[in-house]
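**Student:** next input, structure requested:
(2 chains)
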Protein chains: 2
Amino acid sequence: MQLKNNLSTRTGWEIIENSFSEEQLVTTGSNFMIGNGYMGYRGSFEEWEADQYVACIVTDTWDQAEGSRWSELCNVPNGLYTRLFVNGEQLSAFSGQTDNYHRALDMKYGLNQRKLTWKSDRGDSIELESEKFASLANHHLLVLQYRFKGKQDGTYTIETGIDGRVWSINGEHFRSFETRNTNDLLVMDLQTSELQSQVVVTEGISIHGAPPANIEIIEEDRCILRRLTFELEKNQEVVLEKSVSITHDNELDDPGRTGHKEVLEGLKLGYEALRKAHKEKWERFWDISDIIVQGNTEAQVIARFNVYQAFIATPTHENLPVGARGLSCQVYQGAAFWDQETFNLPMFVYTHPEIARRLVTYRHDTLDGARRKAKRLGYYGAFYAWTSGKTGDELFPDYFFTDVLTGRPIRNHFNCWQIHISPDVVYGIWLYFEATQDWDFIKDHGAEVIFEVAQFLVSRVHFKKDKNRYEFIRLLGPDEYHENVDNNAYTNYLSKFSLEKAVWVYGQLKLNDPEILAALMETTGISPQTIEEWTEIAQLLYLPKPDPQTHIIEQFDGYFELEDVSPEEVRQRLIDPEEYWGWPNGVAVPTQVLKQADVVQLLALTDHFPQEVLKANYEYYEPRTEHGSSLSPSVHALVASKTNHKEEAYRYFMEASTIDLYNASKKVVSGGSFLGGIHTAAAGGVWRILVEGFGGFQLTKNGAKFEPALPDTWDGLSFHLMVRDCRIEINISKSEISVVSHQDNEKGIEIELNKEISILDPGDSFVSGV
Amino acid sequence: MQLKNNLSTRTGWEIIENSFSEEQLVTTGSNFMIGNGYMGYRGSFEEWEADQYVACIVTDTWDQAEGSRWSELCNVPNGLYTRLFVNGEQLSAFSGQTDNYHRALDMKYGLNQRKLTWKSDRGDSIELESEKFASLANHHLLVLQYRFKGKQDGTYTIETGIDGRVWSINGEHFRSFETRNTNDLLVMDLQTSELQSQVVVTEGISIHGAPPANIEIIEEDRCILRRLTFELEKNQEVVLEKSVSITHDNELDDPGRTGHKEVLEGLKLGYEALRKAHKEKWERFWDISDIIVQGNTEAQVIARFNVYQAFIATPTHENLPVGARGLSCQVYQGAAFWDQETFNLPMFVYTHPEIARRLVTYRHDTLDGARRKAKRLGYYGAFYAWTSGKTGDELFPDYFFTDVLTGRPIRNHFNCWQIHISPDVVYGIWLYFEATQDWDFIKDHGAEVIFEVAQFLVSRVHFKKDKNRYEFIRLLGPDEYHENVDNNAYTNYLSKFSLEKAVWVYGQLKLNDPEILAALMETTGISPQTIEEWTEIAQLLYLPKPDPQTHIIEQFDGYFELEDVSPEEVRQRLIDPEEYWGWPNGVAVPTQVLKQADVVQLLALTDHFPQEVLKANYEYYEPRTEHGSSLSPSVHALVASKTNHKEEAYRYFMEASTIDLYNASKKVVSGGSFLGGIHTAAAGGVWRILVEGFGGFQLTKNGAKFEPALPDTWDGLSFHLMVRDCRIEINISKSEISVVSHQDNEKGIEIELNKEISILDPGDSFVSGV
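**Tutor:** Just a heads-up that it's a prediction; the model follows:
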């Protein structure tokens, strides 16, 4: 079926572009991307170069270019680089004539495919078919199959190898480019500018169909290529297969040797075998992660696109952060924000808890960075980085936006006032723990984080003796248009949550693991008196409560006194459309207009509030929200769905889920020029809408309950979840919902449907009307 | 002798302009102004109108024009308006030819004088002499003597009466202008726009020399005038004398009748008698207030100019505020800022304690306004208005400056974060009390203010349990370039001071005036437990202490981490020269560059710090201060003088004392167009430099001590002080200092010179080498 934005799908498993659109080159590059959580490779054409934004972003390669204020992931040389000449004329999307164009992203198997017929200006024709993937079986490996046949006899030349003319948004990341040709493998050995990490791109090829008449090595500016010349007859096919390994010494002791070995192995196995191993991994992923939408193919393909993107953005081979744009580009530094816990984690917690464990363990691995940040700012405990890379040190610069009206840098306080990041980390840990009951994780990693966050909160909170309450002063909540506020509801509630968990964990450890507790008390410097402090702060922390009449929670002290005006009216006040709306003097600052869900976000994270509170707050804040962040629509969809705003829920679902697919995102933000990329948190948020919103899933004390709210245009919704080590399958139709406990489960699970509770043994199912 | 800025002086008592400078019309209007604390009348020419910025600003006439965000004092119709025609041609500074021009301000007697010969374009000549004053004997009265003779026979016409074509910087303040001609008196009866106050200008004249040939009344647009036609011979003199009374119903029940009566009386007494009564009052003022500088006439006239301006700016007939620009213009709304206590009060405390008592009582009169402000902002107790008029309600608008680069209003936080205003009020009260020992004042007025300020501080302070200390968060100190700071040294020290005084006053009342205390506890709602709170906060309030090595006090938390750069370099970063340097994104914000003395200001107010602390801080902060406020130089002069930086002290003295006289002030500030006026706080500050700096005066437990630092170019310095009801005379020469106790004193006073203490009985003197 035809989708929007020049796309279509056949089975709901692929997105297809049937005509090439040059203007959308930036967007399609990320929409058609392949990846495996180690690297993200843009879905661009093999002959493309930096000008067409070819990029391969590799995690754990953070580096700060000279003169830049940004540390970011490296865009590594393109080992799949392949240009094709037909009787001397180069195949190109920008010259000659392209027919039968077909580009597809096969999401079922993580394949990027291209097919076309191309006619040169001179009239020579060629048929081309290529397929590539970033192997899920070996995360270092990029694999390409590139086949062509001419429609006339002639000389065909392939130049293929490694293109090191990489581009970066913030300066040059490689101080040296060493090229080698070792036993038929081409190698580019690089050293990063700042940290002198070694990055190695190793490439090997095999040729099938027809042998080249001539092979020579050419080295151009930052390129090492083979020139393969073929004298071919009409319709004689040549198949080029490439294996490229990308390795670096942040992961491996000898990235050169590993790369060499892996490429040789890849070549030995051959394309089909590599592809098979890769496909099996994808099958295993989708087996539990697929979400089936019945009766709406567009929604189906959108659902899968978001799950696909959320997955390939997430490192699974080591404990590393999920970047805010995943590995789709360098924007947001390949670093974790609060998005990781609040948007990306839930999908993994409930489908791949082993990946979720990596993500929460990453926060433990970076505890020292958070400690350093706290100390630098005059606090103690763990103040997590707003922008967190390898070490957890703060990557967010003091000056982020530029005032487009004056050209002056703006001192944004994301890195120092947005303290909710620390409770958010605890929220993530708790989400993981509640779903998995993985006490070992808490014991070995989580407790230390939770204690240190509690300590940070102790050092950050103020006590108002005259009101006998604790307050958090000078905050920036999720709504980033209002900096410097007090008692932000989101922050205060999450902080109380964190402190309560700290007290509880302390109690559990004391009971069950006293030696571990003793060691932790030593490490963190806490004492029994500390626990009393946590308890007191949790008890006396001021929480802006729902108003008894209106049920509305005030976003922060004094919010209701701000000018009450619509986002549209505020937009009219812009002098320049690219102005930042927030700090210090943006148009939204004196108004109630929000950048993104704040109280609504809080409601989306907790189950504490009754329906009337959800509803009142959703209805109050929704019309005041500008959705200046891509995080906002998915949370609105979720809460709209929970509060029976079905149409709005669906509208926000579509907004959240198609921001990238339908090319609807902001491209440039206040003074910085951003190259699209994938909004990874929105992708993660879409999973939450589908499962928690439309599917109505909620974790319960001993299992799960479901209160589905199926969109009207859908016939059904099916998905799987992992809850407390039990796999369950959920099928929702217009009339009923069924939950099946997987036969391989090792224990029973308690399921609540329509206020009825049933304990499902392995293989059992539970059906209820909706 | 010749002074700068086209001025000269003869005796050191007057400032003289010998050639008219049109470009300086704005400045000379305020420099030559007359006034009496009830009204300020610009030193303009009798025939001038709104275009020449004629103005008569009257205290206690606050009114907010429709559509304006400012409440300001009214500029009332000009009852001295007089235009003169010689054979049909109008005398004007802008046409014909002026010779023998002489304009003078006689500061000894508060007289504005003009003398000139004028030749019309046709060649007719006239000699003119005028003198006017704002009576010190009857504060409603403006009196003019206007005499002329022609050098040729001819027809001479005077049009004199009331010119109601007033200008205002923020809109029309009068909703009605009623004119009357009652028994030869002209009356303009006005009603203000907002509060419907009645303001009445009543005018009467008498003619001497030659009688008019014809008199008619003419009413033009907002003018009521008499046209007096004279047929005169050559050299025949006409003398016009005018008495004008300006009254309003905020002071009087029947301002019309009082005005009528006073003008009739004035006319009956005649100019000479009115002048005599006025002069006697001025003599009485100078008898104690004069400061004699020997050996430097420029310094002499400057000293008197500042004392003169500080005096005529200050209401003495009622308890009313000293406006930041006195009554010289409408700028700063005729309202009191912290300047009143920290810059203007000291001179009165030590020379005219009865006037000082009015000023501090004014703060008690406006306590309810301060209570309302505290309550509105979520506090309790008394949060004094940053800009305080009649009622003490906050007159300062939320948006003050405009960003000149974007045209956007700036949310300045002078009115909500500059909390030091409340402790400043206590500082003023304490200054008065320490100098006078006027316990009755404390009992009847001061205690309530001090208690309510303490209560405000309780409601504003935060406790950091982890540090076991109280902190003030989100402040704006005197250095207004750094908003939103924590633990501003100035604010914290003054707050501690206030709390300690509250505790002490409570103790004294308990001991000596228990019934008064009981009543006060009832009114203010305090209890013995409250006093414990005050005590605890005073004890545990965090004070940024002088660094043990460098002796430097950090201006606020994190100040030392700001970019350390010179004001000059910061100036280079301006895009527009009129940009505001401070909040939200001005050039000084990320730097250590200060708008005005802050820590230095603190040092200027207290005697607690040892010399090395004064010196180290002066030397650290002085090069980082931009002096963007006219308050800054005088404080620098004072502390420079105390720390033996003699040259700098003198340079800052000259800056502070001549900002108006030498026309050195900023005329326009960020987006608002300000018409000069007199920098009243600078004038008050000059007194402090002279007496406390160069004279080295310091109050002691039982009297006074002096550690003079006579400027090198001076031969001597003499002044009088009132200390603890004793009048003393101080004479400082290059070699010695003498202090004489006035023979009329009723008791002895303890004087310390050169670490020697002597108790001076009435008539005694004490001489010491310096």
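
**Student:** what's the single longest helix in chain A?
**Tutor:** Determined from DSSP state H, the single longest helix within chain A is helix A:489-512.

**Student:** who are the packing partners of that helix?
**Tutor:** Applying 3 or more CB pairs under 8 Å, 6 or more residues apart in numbering or on different chains; DSSP states H and E, we find helix A:489-512 packed against helix A:421-436, helix A:447-460, helix A:514-524, helix A:528-540, helix A:599-605. The way it works is simple: take the backbone N, C-alpha and C, and place the C-beta from them, glycine included.

**Student:** and the second one with chain B, contact?
**Tutor:** It stands for helix A:447-460. Yes. Remark: helix A:447-460 sits within contact range of chain B at A:458-459, by CB under 8 Å from any CB of the partner chain.

**Student:** okay, now the closest residue to chain B within the stretch 201-350 of chain A: neighbour count?
**Tutor:** At 22.7 Å from chain B, A:Q333 is the closest residue in the stretch 201-350 of chain A, using CB to the nearest CB. The number of residues packed near A:Q333 is 25, by other CB atoms under 10 Å in any protein chain shown.

**Student:** got a list of what the nearest residue to it once chain neighbours are set aside touches?
**Tutor:** Leaving aside its chain neighbours, A:Q333 sits nearest to A:E72 (4.6 Å; criterion: CB to CB, 6 or more residues apart in numbering or on different chains). Contacts here follow CB atoms under 8 Å, 6 or more residues apart in numbering or on different chains; on that basis A:E72 touches A:62-64, A:168-170, A:173, A:330, A:333-334.

**Student:** recalculate using a threshold of 7 Å.
**Tutor:** A:62, A:170, A:330, A:333-334 (CB atoms under 7 Å, 6 or more residues apart in numbering or on different chains).

**Student:** most neighbours among the residues you listed, which one?
**Tutor:** A:G334 (33 neighbours).

**Student:** distance of that residue relative to B:V587?
**Tutor:** Distance, A:G334 to B:V587, by CB to CB, to the nearest Å: 34 Å.

**Student:** what about the residue in chain A positioned nearest to chain B, neighbour count?
**Tutor:** Chain B sits closest to A:P584 of chain A, with a gap of 3.1 Å, by CB to the nearest CB. Using other CB under 10 Å, the number of residues around A:P584 comes to 24.

**Student:** hang on, the earlier thing: could you dump the contacts of A:E72 to CSV with distance to B:E750 and secondary structure?
**Tutor:** Converted to CSV, these look like this (distance: CB to CB, whole Å; DSSP: H, G, I helix; E, B strand; the rest coil):
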residue, distance to B:E750, secondary structure
A:W62, 72, coil
A:N170, 71, coil
A:Q330, 76, coil
A:Q333, 70, helix
A:G334, 75, helix
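
**Student:** can you lay out those as a markdown table showing pLDDT?
**Tutor:** Shown next, in a markdown table, are the contacts of A:E72 (pLDDT from 0 to 100):
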| residue | pLDDT |
| --- | --- |
| A:W62 | 96 |
| A:N170 | 89 |
| A:Q330 | 92 |
| A:Q333 | 91 |
| A:G334 | 93 |
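
**Student:** and of those residues, the nearest to B:V360?
**Tutor:** A:Q333 (58.4 Å; CB to CB).

**Student:** for the residue of chain A closest to chain B, give me phi and psi.
**Tutor:** When read as degrees, to the nearest 10, the backbone of A:P584 gives phi -100, psi -20.

**Student:** what sits closest to it if chain neighbours are left out?
**Tutor:** B:P584 (3.1 Å).

**Student:** got the contact list for the one you found?
**Tutor:** A:584-585, B:410.

**Student:** got it, and A:G477?
**Tutor:** Taking CB under 7 Å, 6+ apart as the test, what A:G477 contacts is A:420, A:485, A:488, A:490-491, A:555-556, A:598.

**Student:** now it: how far from A:K642?
**Tutor:** 21 Å.

**Student:** put the alpha carbons of stretch A:580-590 into CSV.
**Tutor:** Provided in CSV are the C-alpha atoms of stretch A:580-590 (Å, rounded to 0.1, in the frame of the first residue of the first chain):
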residue,chain,number,x,y,z
TYR,A,580,14.5,29.4,20.9
TRP,A,581,11.3,29.8,22.8
GLY,A,582,12.9,29.4,26.2
TRP,A,583,15.6,30.8,28.4
PRO,A,584,16.6,33.4,28.7
ASN,A,585,14.1,35.7,27.0
GLY,A,586,12.2,33.6,24.6
VAL,A,587,8.5,34.0,23.8
ALA,A,588,7.3,31.2,26.0
VAL,A,589,9.1,32.2,29.1
PRO,A,590,6.5,34.5,30.6
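
**Student:** these two touch, right, the residue of the stretch 201-350 of chain A closest to chain B and A:L395?
**Tutor:** Yes. Counting by CB atoms under 7 Å, A:Q333 touches A:L395, with 5.4 Å between them.

**Student:** where's the dip in pLDDT among the contacts of A:G477?
**Tutor:** Note: of the contacts of A:G477, the lowest pLDDT belongs to A:D598, at 95.

**Student:** which residue packs closest to that residue, ignoring adjacent ones?
**Tutor:** What sits nearest to A:D598 in space, not counting adjacent residues and going by CB to CB, 6+ apart, is A:D479, at 3.9 Å.

**Student:** and if you look at A:V26?
**Tutor:** In space, A:V26 is closest to A:G676, 5.2 Å off (CB to CB, 6+ apart).

**Student:** okay, now that neighbour: neighbour count?
**Tutor:** Neighbour tally, A:G676, other CB under 10 Å: 23.

**Student:** contacting residues around it?
**Tutor:** A:26-27, A:30, A:329, A:665, A:667.

**Student:** swap in A:E752?
**Tutor:** Contacts of A:E752 by CB under 7 Å, 6+ apart are A:700, A:705.

**Student:** and it, what pLDDT?
**Tutor:** 97.

**Student:** before we move on, what about A:E483?
**Tutor:** A:E483 is given a pLDDT of 97.

**Student:** the one 3 residues further on now?
**Tutor:** As summarised for this prediction, A:D486 has a pLDDT of 98.

**Student:** how about the closest residue to it other than its chain neighbours, secondary structure?
**Tutor:** Distance criterion CB to CB, 6+ apart; nearest residue to A:D486, sequence neighbours excluded, is A:D557 at 4.4 Å. Recorded secondary structure, A:D557: coil (DSSP: H, G, I helix; E, B strand; the rest coil).

**Student:** ok, the nearest residue to A:N5 once chain neighbours are set aside - how many residues close by?
**Tutor:** Closest residue to A:N5 apart from its sequence neighbours, by CB to CB, 6+ apart: A:Y662 at 4.5 Å. Neighbour count for A:Y662, taken as other CB under 10 Å: 18.

**Student:** circling back to that earlier point, want to throw the contacts of B:P584 into TSV with pLDDT and distance to B:E237?
**Tutor:** TSV is the format used below for these (pLDDT from 0 to 100; distance: CB to CB, whole Å):
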residue	pLDDT	distance to B:E237
A:P584	93	66
A:N585	92	63
B:I410	94	57
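
**Student:** how about the helices in the stretch 1-150 of chain A?
**Tutor:** A:25-31 (DSSP state H, counting those that start in this stretch).

**Student:** would you mind listing what in chain A touches chain B?
**Tutor:** A:403, A:405-406, A:408, A:410-411, A:458-459, A:462-466, A:473-474, A:484, A:575, A:584-585, A:590 (CB under 7 Å from any CB of the partner chain).

**Student:** can I get the buried part of those as one PyMOL selection?
**Tutor:** Command for PyMOL that selects the buried part of the residues of chain A next to chain B, burial taken from 16 or more other CB atoms under 10 Å in any protein chain shown:
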select buried, chain A and resi 403+405+406+408+410+411+458+459+462+463+464+465+466+473+474+484+584+585+590
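
**Student:** perfect, that will be all.
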